[in-house]
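Colleague: Let's see this in three dimensions:
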Amino acid sequence: MSTAGFNSQNGTGTGQTYANGPSQNPVALQQLPGVNYGMTHQSPYNPMQAKVPVPPGPGLYPSGPYQPIPPVSSYHPGPPPTSYPSAPGQPLLSRPPIGGLPSHTPPQSASPSPGPRLPPAQATPPPPAVSSSSYYPNPQQPMAPAWQYNTAPPPVGAAASMGTPPHGPVANHMNPAASLSGPPPLSSAAYSTTPAVISQTQPPGPGMPPTSLHGYSQPGTAPPPINPLAPHSYQPSRPAYGPPPTGPPPTGPPPTMKPTPPPTGPTMANATPPPPKADGAVAGNGPQASNSYNHVDNKMVGLTQPGPPGRHLGHYPSLPPGYQNTSAPHATSPMHPAMQAATQPYTQAPQPYQQLPGGPGPAQLSPSLAALSLKSSTPEALRVVNLLQERNLLPPSPVPAPTPCLPQDLQKVNCNPEVFRSTLTSIPQTQSLLNKAKMPLGLLLHPFKDLSQLPVVTSSTIVRCRSCRTYINPFVSFLDQRRWKCNLCYRVNDVPEEFMYNPVSKSYGEPHKRPEVQNATIEFIAPSEYMLRPPQPAVYLFVLDVSHNAVETGYLNVFCQSLLDNINALPGDSRTKVGFITFDSTIHFYNLQEGLSQPQMLIVSDIEDIFLPTPDSLLVNLNECKELVQDLLKSLPNLFEKTMETQSALGSALQAAFKLLSPTGGRMSVFQTQLPNLGAGALQSREDPNQRASAKDIQHLSPATDFYKKLALDCSGQQVAVDLFMLSAQYCDLASLGCISRYSAGSVYYYPSYHHQHNPGQVERFQKDLKRYLTRKIGFEAVMRIRCTKGLSIHTFHGNFFVRSTDLLSLPNVNPDAGFAVQMSIEENLDDMQVVSFQAALLYTSSKGERRIRVHTLCLPVVNSLSDVFAGADAQAITGLLACMAVDRSVTASLSDARDAMTNAAIDSLLSYRQSVLTIQQPGLLAPACLRLFPLYILALLKQKAFRTGTSTRLDDRVFAMCQLKYQPLAYSTLMIHPALYRVDDLTDEGALNISERTIPQPRMLQLSVEKLSRDGAFLMDAGTVIYLWIGRNCHPNFLTQVLGVPSYAAVPENLYLLPELDTAESQRTRAFISWLRDQRPFYPSLHVIRDESQLKPTFMQNMIEDRTESALSYYEFLLHLQQQISK
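Modeller: Numbers count the residues shown, from 1 in each chain. Just a heads-up that it's a prediction; the model follows:
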């Protein structure tokens, strides 16, 4: 596999490895037309190549607000046309067993093509693309696909398709090669493919309730059938899976899916009796139990995957019958469905570690999968939806992640989708099949997420594959008691003697029942061989801007008070250290050495050659010097009260902080309120407000200097992460300053127009964010490696980190709110495999000084027909990955290229579905039910702050929106792309949740269109980082008095950001609903009450994604545009 892509992700933009130091000149990457650079499989589909979009109406088609809609699950509970015999009302994927031919194979399209038509190699480059600012391309010109989804990047060549060469270092985890290159293939129409075959009849087998122990399966999902077991396999008496759930099929609109939360108690099947409980079930071994895990920091490491079935010598003994039929309770999720697991336990209460018959390894897959055959019925995920006719596609509550089509015994131990999620829950067998589907293959991870259930294992032996170093996991197969087969590389390994003893059951000789083989997410306390040096202490250094501008904002008072309030809650132990640096045009250090009567301020004015005045007393032990630290925090705000110093030497302050932290590593928290204008790293304003709305392409999205990136890489090498808090009303060049956090695995917080008097809503948000930031768990000196089954490869990473090698990310700090994404390709055909696995392993030092390894393993089925690939598409995850790719494309090429590529992603996937999956061609814009919201998500991205045009968007606001898309976990970024809208003036207790004796109303989600608003109502919009409460001019007086505490509409205050705590049922319901929404994310969304005359009303209206604006199409017009492109 080419390594050009990996190395270029660190921002050099070249195929050479990036040494931690100066960046080389970025070179545009473009594969030469018609050349295959040594890849053995087909050249991949690349949706990020310039393809010219054409709008149906006048005007540019702008990109839009970044508010994700809850993704549509691929499987929905609607009753299928025909149900399979043993599970009425439960549609399953119809596909032939891998081993045999379908008994009836009707043609898939009216005129099947003889074979896949691939774009011919071109001797000369294609004609230049039409200007991407217009959606009207030259009608005769073939459209090139827009994005290179699924292969390793090609080598460097001349850039033909980049609008502008990147300025300075290319963005992190950006893979220009993967995104921008590849021969521009012919139009999407030229990709007509061999029709896939859907089997109409299949051998009947015992039915299986499509539910999973974790409650992630939805009614209507089931694993695909797979080859029956080899006759000699040992299969101890295994009862049938039990009757499927009975009862009426779900009612309501078919697209709606009620989220099924992870069970929190004993699991129960829908209509089957609960299985017997095991005695003494415990959640793991060592310090585990119901581990709310906030007191210890954690990290995750390593990926594992199931091996090909059919190569196994026999089966290891199965569980007693009682454990084989556990299914999830069908309860209403007590969470906002868009981010259910944000606060939910990822597994149910401590449960027995069972390994189902033979352990759910590949060897054991066949019988389970063979039992899931079905007669001719279309799965709900493939139900044909005409988007132009079905207006109300948005479900009343957000839809959970689709459930992979796996046997029940595998699915119930699979990884929680909130932690590990794939864009395709069915992996195509070949790269050419993936290319035909025109959808990106990638993983979205939230590896250090706060989990309420986390088994922790203390063991001197951590069992790993001797060949590929995969950690043992639920998807390996035991050949017998003494040998296990790796599910990533298929090597047979010996079971160590110590692993034969099960500490949970206190029994010997059952390695398949160990916690490591029963949990897809597990944490190990690592022995000394996992340490390069003794574990570092928790070290926190605060770097504070104290210039006149900073003092004016009033942030210093809030910061000092917040740290005083939370100083005893900082994660750490008796070795925890803290230090402080302040700066304006000079750098101020604080000697806090034990024995001093008060803190001592030391000023260094030589910012060109910075040095540490007393290196030993600037970082002090918090427990020993707590009183001095508290004295300093109380006096700091007054110390600079009268300052007239306006300059900011941020670069020199960062250099000083780096010198201070280098010996130990740790966390640097930087607070900045203006553009740095003095010394190293000084910047000049690059924003022209007059160009904001009119510019055809947005300039200055890339850094102005590589100073901050180089410093971040130096920090990363010394295990220092930098978190940046930006509090400013002026342009601060976040595109440049953000590099300090991006490459050191830090975070960026941005508070535009922050002022302690004029903007109290921002002050409240800053206080809440700061409290979470100071007290959340943290992992130090971490690395994360992602492994996958042989045949798959990773080629691009997204998030905040430094890529140390092709699959290893360096994370000096890891926090529970950071998300990551990776793009993947299929290098070798997965012909003999029925499942593949992915394992993410995070090795880190906890704040208590323990070296720990957190391991997540995800298992997914392999399919060989295009219809099955589509049936497993996860529209929300695809949108999240496309957003990351589009950010990279905006920085390295141009915003218009990225916008075009996103539109083309929707066109290409729907065109492929129409040409290759639909058996009967019909008029209209047709999509499978699982992708029915995909065009809406793409439109939402185009109108999101990061990508929109035609609207005045401040450059820093745009860059910050791009940062969030890259490093927010999918559950949080979803609402930023497509907000949720609710009517709240008529809340009732009907269908409400009861949590901790609070009643939480559950209003219906509404479409983002002004037609859903009414002047006599009140509407709440949850946009992720902000919540708007819009009050209609004729709102019922009852709501005004009982909730807002005002007598009339005219009396609603202009800047209301807190709801009064009134003792009325209406007030309690409204406040309960808002606080429930807030509790589901780690950051604090501020509330803004909006009237018709409010300054924020335009912002609220910009989130009405389905409506037309001056420069953006309405949802219906966008669908017409897609149809026009598809029918060309």
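
Colleague: and Phe766, what element?
Modeller: Using DSSP states H and E, Phe766 sits within helix 760-775.

Colleague: List the residue ranges of the stretch 751-900 of the chain that fall below the pLDDT cut-off.
Modeller: Scanning the stretch 751-900 of the chain for pLDDT under 70 picks out nothing.

Colleague: Kindly report the domain assignment for the chain.
Modeller: 456-518, 539-692+705-776, 979-1104 (the TED database).

Colleague: Quick check: which of those domains is nearest to Thr423?
Modeller: domain 456-518 (19.9 Å; C-beta to C-beta). To be clear about C-beta, it is placed using only N, CA and C from the backbone, and glycine gets the same treatment.

Colleague: Any idea how far apart the tips of the closest one sit?
Modeller: End-to-end span of domain 456-518 (C-alpha to C-alpha, to the nearest Å): 12 Å.

Colleague: Report the mean confidence score over that domain.
Modeller: Across domain 456-518, pLDDT averages out at 92.

Colleague: still on that earlier bit, which positions within the helix holding Phe766 qualify as buried?
Modeller: For helix 760-775, burial by neighbour count (16 or more other C-beta atoms under 10 Å) applies to 761-774.

Colleague: In a markdown table: those, plus distance to Tyr972.
Modeller: A markdown table is the format used below for the buried residues of helix 760-775 (distance: C-beta to C-beta, whole Å):
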| residue | distance to Tyr972 |
| --- | --- |
| Gly761 | 19 |
| Gln762 | 19 |
| Val763 | 22 |
| Glu764 | 19 |
| Arg765 | 15 |
| Phe766 | 18 |
| Gln767 | 20 |
| Lys768 | 15 |
| Asp769 | 13 |
| Leu770 | 18 |
| Lys771 | 18 |
| Arg772 | 13 |
| Tyr773 | 15 |
| Leu774 | 20 |
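
Colleague: Which of the residues you listed sits closest to Gln684?
Modeller: When those are compared for distance to Gln684 (C-beta to C-beta), Gln762 wins out at 26.2 Å.

Colleague: Quick check: the closest one touching His756?
Modeller: No - the pair Gln762 / His756 is not scored as a contact, 9.0 Å apart, by C-beta atoms under 8 Å.

Colleague: hang on, the earlier thing: now what about the helix holding Phe766, what contacts it?
Modeller: 554-555, 558-559, 562-563, 565-566, 569-571, 669, 723, 725, 727, 749, 751-756, 1055, 1057-1058, 1082-1088 (C-beta atoms under 8 Å, 6 or more residues apart in numbering).

Colleague: Mind checking which of those are in helices?
Modeller: Using DSSP state H, the members of the contacts of helix 760-775 that fall in helices are 555, 558-559, 562-563, 565-566.

Colleague: what's the spacing between Val814 and Lys768?
Modeller: 22 Å (C-beta to C-beta, to the nearest Å).

Colleague: same deal with Ile938?
Modeller: 32 Å.

Colleague: Check which helix or strand Cys859 maps to.
Modeller: Going by DSSP H and E, Cys859 is part of strand 851-863.

Colleague: go on, Thr999?
Modeller: strand 998-1000.

Colleague: and what of Ser652?
Modeller: Applying DSSP H and E, one finds Ser652 within helix 650-661.

Colleague: which secondary structure elements does that helix contact?
Modeller: Judged by 3 or more C-beta pairs under 8 Å, 6 or more residues apart in numbering; DSSP states H and E, the packing partners of helix 650-661 are strand 539-545, strand 577-583, strand 587-591, strand 666-672, helix 707-717, strand 720-728.

Colleague: and the angle from the second one to strand 587-591?
Modeller: With axes from the mean of the first three to the mean of the last three C-alpha atoms, to 10 degrees defining the directions, strand 577-583 sits at 150 degrees from strand 587-591.

Colleague: hang on, the earlier thing: next, format the domains of the chain as TSV and append distance to His856.
Modeller: Shown next, in TSV, are the domains of the chain (distance: least, C-beta to C-beta, whole Å):
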stretch	distance to His856
domain 456-518	9
domain 539-692+705-776	18
domain 979-1104	19
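
Colleague: Out of these, the one nearest Thr892 is which?
Modeller: Comparing the domains of the chain under C-beta to C-beta, the one sitting nearest is domain 539-692+705-776, at 12.9 Å.

Colleague: how long is the closest one end to end?
Modeller: 14 Å.

Colleague: if we can go back for a sec, out of the buried residues of helix 760-775, who's nearest Glu687?
Modeller: Closest to Glu687, out of all of the buried residues of helix 760-775 and judged by C-beta to C-beta, is Gln762, at 20.4 Å.
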